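J.: return atomic coordinates for the entry below.
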Amino acid sequence: MSENKALSGVRVLDLTQMAAGPICTEKLGMLGADVIKVEQPIIGERGRNDNLKKYPDGKIPQSYKWALLHSNKKSVTLDLKLEEGKKLLEEFIKKCDVMIENFGPGTIERLGFPWERIHEINPRIIFCQIKGYGKFSPFAKFGGMDALIQASGGLAAQTGLKDSPPVISNVALADIPSGDYALAGILAALYQREHSGRGQRVEINMQEVVMSISRLSLSNTSQRRGVPMQFIGANGPKNLFRCKPRYENDENNYCFIAIRDTPGQKMWKTFCGIMERPDLAEDERYATGPQRSGNQELEEEVTKWTIQHDKLDVMKVLCEHGINAGATLSIEELAQMPDMKESGFLRDYDHPKLGKIVLPTMAIRLSDSKIDIEPSPDLGEQTEEIYKEVLGLTDEQIADLKARKVI
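T.: This next block holds a predicted model:
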């Protein structure tokens, strides 16, 4: 394995906040980029102190959530509202390969750094912007956050049960994919720069990202809400089936089973054999996939079998016989599975401020680029280091800037 990582030598200027931007820059850091996170003096980035609490010692403590989004970065402070702060930002732009921001609409432009000026300062820089909505959207001037984009991006309308309200997922289904799309755009722009010598702007809007991850739903626009509804079609039974609880108050005792309409109904007959219900295989009411699909009476019969077994046992026996099945595993259950750590995806980490925690790396494996984890930084932890090494400032200049609260 090469000692150099995939993005060794790439310097990233990180002006992101909350989740969509930070998840992108964290992954750039894991791939070897040198990520400089710019934060407001004293209060830091919004996600560091979202409740705007005041702490006695003036230092904002780190949280587990912060560590999950900000490993492999270096934090510097800089007040972008001050003219001298803007001059320092300009110097950073000259020295960086990538600049990324996800402020509210128009913020970076009001600070005096539209794409045109950034490109003029450094024609080779890749400038990435993540916004809630596209510039042609009627909502372009509105801010974006995960839950509201799940709603306005078409995702919530596909969730929930029939005759019930839509459901907003606890999973950041707008933020995290948007960060990944930004990562892909930045990597593509860096590759193109190798041939063109020019930087470019990468634009990501979260509404389009959510529509993109729902792309297959464009073929089902006539279906109404209701999770079972999306499974009705040529195949069946195809749904989540309740299994034997694994522990007290088990809320995830389900396994998803999907029986395809195969030639000669081989999969259906195999499934009936496993359940020891040959009578179902011979029942003309269930002879084909469309007949079985969405049939409540049949699903009740299947549940009589699944409720007797652990969801993992159901998954195992069905998959071993070529039948599609997936146990409903919680994040806690997944984190306890040995393979997650054996693969290197989850790592036990002794964080200098948080103690022993578990951190995920990337769901990408590169044979010639090792993925390491470096601790998430305290506010301004590398301020002096970065201003000296990157901008060439002296100790006296740095002390003066601190005294005047520019950094």
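
J.: pLDDT at Asn4, what is it?
T.: Turning to Asn4, the model gives it a pLDDT of 84.

J.: I'd say Ser167 and Leu155 touch.
T.: Actually, residue 167 is Val. It isn't Ser. No: judged on Cβ atoms under 8 Å, Val167 makes no contact with Leu155 at a distance of 9.5 Å. C-beta coordinates here come from the backbone N, C-alpha and C atoms, glycine included.

J.: who has more neighbours out of these two?
T.: Per other Cβ atoms under 10 Å, whichever of Val167 and Leu155 has more neighbours is Leu155, with 22 against 15.

J.: can you give me the neighbour number for the closest residue to that one other than its chain neighbours?
T.: Closest residue to Leu155 apart from its sequence neighbours, by Cβ to Cβ, 6 or more residues apart in numbering: Val210 at 5.1 Å. Val210 sits with 22 neighbouring residues when counted by other Cβ under 10 Å.

J.: can you check Asn249 too?
T.: Residues near Asn249, counting by other Cβ under 10 Å, number 5.

J.: quick one: it from Gln265, how far?
T.: 39 Å (Cβ to Cβ, to the nearest Å).

J.: can you check Thr159 too?
T.: For Thr159 relative to Gln265 (Cβ to Cβ), the value is 32 Å.

J.: likewise for Phe271?
T.: Phe271 is 10 Å from Gln265, where distance means Cβ to Cβ.

J.: what does Cys243 give?
T.: Distance from Cys243 to Gln265, by Cβ to Cβ: 24 Å.

J.: so who does the residue sitting nearest the centre point of the chain touch?
T.: The centre of the chain sits closest to Ile176, judged by Cα atoms, centre = their mean, with a distance of 2.2 Å. Contact partners of Ile176, counting by Cβ atoms under 8 Å, 6 or more residues apart in numbering, are Ala19, Ala20, Ile23.

J.: ok so Cys255 is a strand residue?
T.: Yes: counting by DSSP: H, G, I helix; E, B strand; the rest coil, Cys255 is part of a strand.

J.: pretty sure it contacts Leu240?
T.: Yes: using Cβ under 8 Å, Cys255 is in contact with Leu240, at 7.2 Å.

J.: ends of stretch 264-278, what's the gap?
T.: With Cα to Cα, to the nearest Å as the measure, stretch 264-278 spans 15 Å from end to end.

J.: ditto for stretch 252-263
T.: This stretch, stretch 252-263, spans 33 Å end to end (Cα to Cα).

J.: can you check the pLDDT for Ile232?
T.: pLDDT at Ile232 comes out at 66.

J.: please read the previous query as pertaining to Ala157.
T.: For Ala157, the pLDDT comes out at 87.

J.: gap between it and Asn295?
T.: Plainly put, Ala157 is 26 Å away from Asn295 if you go by Cβ to Cβ.

J.: assign a three-state SS to the nearest residue to Gly185 once chain neighbours are set aside, would you?
T.: Closest residue in space to Gly185, ignoring its immediate chain neighbours: Val202 at 3.8 Å, by Cβ to Cβ, 6+ apart. Following three-state DSSP, Val202 is assigned to strand.

J.: wait, isn't Val202 in contact with Phe127?
T.: Yes: Val202 lies in contact with Phe127 (Cβ under 8 Å); the separation is 7.0 Å.

J.: contacts for stretch 375-385 next, please.
T.: Stretch 375-385 has contacts (Cβ under 8 Å, 6+ apart) with 36-37, 39, 41, 44, 48, 59-60, 62, 66-67, 69-71, 73-77, 349, 351-353, 395, 398, 407.

J.: could you pull out the helices for the stretch 101-250 of the chain?
T.: 107-110, 115-121, 146-152, 175-196, 206-213 (DSSP state H, counting those that start in this stretch).

J.: indicate which one of those helices is closest to Leu359.
T.: helix 175-196 (15.2 Å; Cβ to Cβ).

J.: next, the buried residues of the closest one.
T.: By neighbour count on 16 or more other Cβ atoms under 10 Å, the buried set for helix 175-196 is 175-183, 185-187, 189-190, 193.

J.: repeat for stretch 378-388
T.: Across stretch 378-388, burial judged by 16+ other Cβ under 10 Å covers Asp378, Leu379, Gly380, Glu381, Gln382, Thr383, Glu384, Ile386, Tyr387.

J.: can I get that stretch in PDB, CA atoms only?
T.: What follows is stretch 378-388, C-alpha atoms only, in PDB (Å, rounded to 0.1, in the frame of the first residue of the first chain):
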ATOM      1  CA  ASP A 378     -11.400  21.800  19.400                       C
ATOM      2  CA  LEU A 379     -12.500  25.200  18.300                       C
ATOM      3  CA  GLY A 380      -9.400  26.900  16.800                       C
ATOM      4  CA  GLU A 381      -7.100  24.100  17.900                       C
ATOM      5  CA  GLN A 382      -4.800  24.500  14.900                       C
ATOM      6  CA  THR A 383      -5.200  28.300  14.400                       C
ATOM      7  CA  GLU A 384      -1.500  29.100  15.000                       C
ATOM      8  CA  GLU A 385      -0.200  26.100  13.100                       C
ATOM      9  CA  ILE A 386      -2.300  26.900  10.000                       C
ATOM     10  CA  TYR A 387      -1.700  30.600   9.900                       C
ATOM     11  CA  LYS A 388       2.000  30.000  10.200                       C
END
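
J.: average pLDDT across that stretch?
T.: Here stretch 378-388 scores 96 as its mean pLDDT.
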